[in-house]
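> everything below, folded, please.
(chains A and B)
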Amino acid sequence: MALSGIQIYKLLPQTNCKECGFPTCLAFAMKLAAKQVELGACPYVSEESKKQLAESAAPPIRLVTLKADGNEVKVGNEVVMYRHEKTFYNKPGLFLRVKASDPDLAKKVTQADAYKVNYVGMDFSLNGYAIEADGDLTAAVKTVREVTKRPLILISNDAAALDSSLSLLAGETALIYAASESNYESLAEVAKKHKAVLAVKADTLDALADLTQKIQTKGVEDMVLDLGGKNLGDWLMRSTQVRRLALKNFRPLGYPVIFFAAQNGVEKEAVYAAQAIAKYAGFVVIDTFAPEMIYPLLVLRENLYTDPQKPIQVQPGVYEINSPKPESPVLVTTNFSITYFAVANEVEGSGLPAWLVVTDAEGMSVLTAWAAGKFDAERIAKAIKGFNVADKVSKKRLVLPGHVAVLSGEVEEELPGWEVRVGPREAVDLPAFMKQALN
Amino acid sequence: MPIEIPKDKWPGSIRTVTIGATSAEGGTRAKTVTVGGGTTMPYLHFEAPTPNKPAIAIEIKSRKPEDWSPLLAEVWGAAMADPAQWAKKAEEAGADLLVLALTVEDSPEDAVKAVKSVLGATGLPLIVWGPGQAEKDNELLVAVAEAAKGERLVLGICEDKNYRTIVATAMANGHLVQARAPMDVNLSKQLNILISDMGMPKDRILMDPTTGALGYGMEYGYSVMERLRLAALQGDAMTQFPMIVTPGFEAWKTKEAKVGEGIPEAWGDWKARAIHWETLTALALVESGADIVVLRHPESVKRVKDAIGELVVA
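Numbering: from 1, shown residues only, chains lettered A, B, ... in the order given. The predicted model follows:
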């Protein structure tokens, strides 16, 4: 937890020398608490105070970055339990586990690596691969590195094999899985040598906290936690406890968490991965390369990691739904994402073609935007003209949302030659309206 | 070194609500379903046990729906044309209770007949939804409420623009209501207050905060549910109702679930994807505090049921 201005003040010289540029040490402390100045501006602060202040400034959950050739995955640095309190920042990395012994290793990784799916204009892919050392790890790393440039997790207890494998990955930051009570010394040494991140595993949180402290004294700072847990509920509690402790600045567990989604069978994999994404995992490892599962998981991750203070806005413009023709109707709505998706989804689901004109209502829903003056006749007319909608249609027929029926007269005045119709209030009633009223 | 796990102590809790009445209680149900009662954020058993596990309702309709996904038509088959048969199949598929959704084509007599046939076909508690048009809802639900007096049905869906008639008939005939507000903590509270002010007992209200499907605004509902649950635990009486959400309805409207042709290859196998869509939407909502999830596909029911089982006995 960050220190308050008063707590910081107690660590300052309290001489009011003004050399930092502020009239008093307290004023400087307040600025420090607000992160508007650097501690370095104070020439007289003691080494002891510097250390304490640096510790308090460190994020409660360490930021861990895996890197490969141009690709990186950053996790950690989270500050809340619930996304509405601020936001979730760094999306968990989704990794596919592959086996070193698999004769089709190169083919499997090549196929998975080509996977790309588009969701509301964004392209998503897998973030990397976890190689299980059930055969020659070094050979497998070589094979995999030839076909992908994404970051790697190496699953092995064999320090020598890890050492030679990591030597092949110079300049990268890989993740070693996993140090336990019995092997942490040798694995910590390898991690330190290759600047790799070290996953740490223990049966209880008590043992896990002890182990991370021991590993830290070996000189390894970047760690990731495997919390164990026998089923969904058990893991949910452990993950919640670790997030809580970390946010209360309990350093020994202030690291991102890794979760293996297929641990209780591939038939449960999607549900396990989904919970891990929702409930605080930093890395989620799946065993099955199945687009029908990966796509919803990537969408879930995107949804939950969207900043709730800044709802996604849709680009204003004309959206073509179900290949509209010149005689298809023109529907108007606002650019609040949920409004847009509600309307687009209903129309799309109905199978009926339409031109959907999305106006710039500063990301507000129809009623809110209307009340705020961001969705009025003038703005609607401006959008219709600005997007040259008249050039696309033979039948100038425009449908307003039912909630702004009151605007229809004004819109007719602003857009001479257009027939203005009032549609339903709710998107869900659009298909019926389009079938009955527009034909 | 033993770690001291921080525990939250909350002054408030979720109300306990029982749906359905057995013959001893004035109804005809073989069993009842009790939800709510939680005193922590969902499934944090290190603070307190989960008193009642979330229930799964399967949605069936009074008439064969023509606009449902072919995948649903395939799995329910001919039963979709007969609510009684459909109800039996839904019970076999693992439903804890049923939602019977009436349609605009139904007359009050049709609605009563459909409700009676479902009540006769299974012993599960029942939720009855009107078709979603105020006048029609009122007409059908009043007839149903009177015909099934004492069954402790849930009648829905009450919204701010139409709730009085449904609440009045539920009160008069010993039923419950489902109160829906559009993804907003204050609007949910407001509707709950309006319904309570009519004299509806507080153990006969289910709160429906509205949800979107995965990819279609699910995160708004997810966070509103977490905020409602937190408010309830903090002691806000008008948010302490169990939550019912409709991930089945939402998920099966999406293109991802509904459409099998002309879609990107990266979406993968249609049927598997559709089931994941419904299952993951439901799971996320269960994690954020849903007490009843209304689903459509038996495979999703099975998966969500397994997940709930693991969450409550951790």
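> burial count for residue A:160?
Neighbour count of residue A:160, defined by other CB atoms under 10 Å in any protein chain shown: 12. The C-beta positions use only the backbone N, C-alpha and C, and glycine is treated the same way.
> measure it to residue B:193 for me?
Here residue A:160 is placed at a distance of 68 Å from residue B:193 (CB to CB, to the nearest Å).
> which SSE is immediately downstream of the helix with the most length in chain B?
The residue-count maximum for a helix in chain B (DSSP state H) belongs to helix B:270-287. As assigned by DSSP states H and E, the chain's next helix or strand after helix B:270-287 is strand B:292-295.
> strands of the stretch 151-300 of chain B, start to end?
Taking DSSP state E, counting those that start in this stretch to define them, one finds strands in the stretch 151-300 of chain B at B:154-158, B:176-180, B:205-208, B:244-245, B:292-295.
> now render those as JSON lines, adding distance to chain A, mean pLDDT and mean neighbour count.
Listed next are these as JSON lines, based on distance: least, CB to the nearest CB, whole Å; pLDDT from 0 to 100; neighbours: other CB atoms under 10 Å in any protein chain shown:
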{"stretch": "strand B:154-158", "distance to chain A": "12", "mean pLDDT": "96", "mean neighbour count": "27"}
{"stretch": "strand B:176-180", "distance to chain A": "12", "mean pLDDT": "98", "mean neighbour count": "25"}
{"stretch": "strand B:205-208", "distance to chain A": "15", "mean pLDDT": "98", "mean neighbour count": "26"}
{"stretch": "strand B:244-245", "distance to chain A": "15", "mean pLDDT": "98", "mean neighbour count": "28"}
{"stretch": "strand B:292-295", "distance to chain A": "13", "mean pLDDT": "98", "mean neighbour count": "28"}
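> now do the buried residues in the worst-scoring helix or strand of chain B on mean pLDDT.
Using mean pLDDT, DSSP states H and E, helix B:255-258 stands out as the lowest-scoring helix or strand of chain B, at a mean of 87. Buried positions in helix B:255-258, judged by neighbour count with 16 or more other CB atoms under 10 Å in any protein chain shown: B:255, B:256, B:257, B:258.
> give me the subset of the residues you listed touching chain A.
Residues of the buried residues of helix B:255-258 in contact with chain A (CB under 8 Å from any CB of the partner chain): B:255, B:256, B:258.
> OK, contacts around the first one?
Put plainly, it is residue B:255. Counting by CB atoms under 8 Å, 6 or more residues apart in numbering or on different chains, residue B:255 makes contact with A:345, A:348, A:349, B:263.
> what is the rounded mean pLDDT of the longest helix of chain B?
In this model, helix B:270-287 carries a mean pLDDT of 98.
> and chain A, is that helix touching that?
Yes. Interface with chain A: helix B:270-287 contributes B:270, B:272, B:273, B:276, B:277, B:279, B:280, B:283, B:284, B:287 (CB under 8 Å from any CB).
> for that helix, name the packing helices and strands.
On a contact count with 3 or more CB pairs under 8 Å, 6 or more residues apart in numbering or on different chains; DSSP states H and E, helix B:270-287 meets helix A:269-278, helix A:291-304, helix B:70-76, helix B:218-233, helix B:247-251, helix B:255-258, strand B:292-295, helix B:298-313.
> quick one, what contacts the residue lying closest to residue B:29 once chain neighbours are set aside?
Excluding its sequence neighbours, the residue lying closest to residue B:29 (CB to CB, 6 or more residues apart in numbering or on different chains) is residue B:20, at 4.0 Å. Taking CB under 8 Å, 6+ apart, we find residue B:20 in contact with B:27, B:29, B:31, B:32, B:33, B:97, B:124, B:125, B:126, B:151, B:152, B:153.
> got phi/psi on the first one?
When you say that, I think you mean residue B:27. phi -120, psi -160 (degrees, to the nearest 10).
> centre of the chain to stretch A:116-128, how far?
Distance, stretch centre to chain centre, for stretch A:116-128: 12 Å (CA atoms, centre = their mean, to the nearest Å).
> brain fart, stretch A:32-39
With CA atoms, centre = their mean, you get 28 Å for stretch A:32-39.
> can you pull out the low-pLDDT segments for the chain?
Looking at chain A here, since you left the chain open. Within chain A, the stretches with pLDDT under 70 are A:1-2, A:121, A:311, A:439.
> should've been chain B
B:314.
> hmm, back to that, in PyMOL, select just the buried ones from the contacts of residue B:20.
Selecting the buried subset of the contacts of residue B:20 in PyMOL, with 16+ other CB under 10 Å as the burial test, is done by:
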select buried, chain B and resi 27+29+32+33+97+124+125+126+151+152+153
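> which of the contacts of residue B:20 lies closest to chain A?
Proximity of these to chain A (CB to the nearest CB) peaks at residue B:33, which lies at 20.7 Å.
> contact partners for that closest one?
Residue B:33 sits next to B:18, B:19, B:20, B:55, B:96, B:97, B:124, B:125 when contact means CB under 8 Å, 6+ apart.
> swap in 10 Å and give it another go.
Neighbouring residues of residue B:33 by CB atoms under 10 Å, 6 or more residues apart in numbering or on different chains: B:17-20, B:52, B:55-57, B:95-97, B:124-125, B:127, B:152, B:154, B:291-292.
> in strands, which of those residues appear?
Counting by DSSP state E, the part of the contacts of residue B:33 found in strands is B:17, B:18, B:19, B:55, B:56, B:57, B:97, B:127, B:154, B:292.
> closest to residue A:83 among those residues?
Taking CB to CB as the measure, residue A:83 lies nearest residue B:292 of these, at 23.2 Å.
> in terms of contact, does that closest one touch residue B:58 like I think?
No. Between residue B:292 and residue B:58 there is no contact under CB atoms under 10 Å: 11.3 Å.
> which element is the residue in chain A positioned nearest to chain B on?
Here chain A gets closest to chain B at one residue, residue A:233, 2.6 Å apart by CB to the nearest CB. According to DSSP H and E, residue A:233 maps onto helix A:232-247.
> care to break chain A down by domain?
Annotated domains of chain A cover A:5-57, A:64-304, A:317-436 [automatic domain parsing].
> the last one vs chain B: in contact?
Yep, that's domain A:317-436 we're talking about. Yes. Interface with chain B: domain A:317-436 contributes A:336-342, A:344-346, A:348-351, A:365, A:367, A:425-426, A:428-429, A:431-432 (CB under 10 Å from any CB of the partner chain).
> narrow those residues to those in helices?
Among these, the members falling in helices (DSSP H) are A:337-342, A:344-346, A:348-350, A:367, A:431-432.
> of the residues of domain A:317-436 next to chain B, grab the buried ones for ChimeraX.
Restricted to buried positions by 16+ other CB under 10 Å, the ChimeraX selection for the residues of domain A:317-436 next to chain B reads:
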select /A:336,337,338,339,340,341,342,344,345,346,348,349,350,365,367,428,431
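> and residue 184, how many neighbours?
In the absence of a named chain, this looks at chain A. 22.
> ah, I was thinking of chain B
Residue B:184, neighbours per other CB under 10 Å, totals 15.
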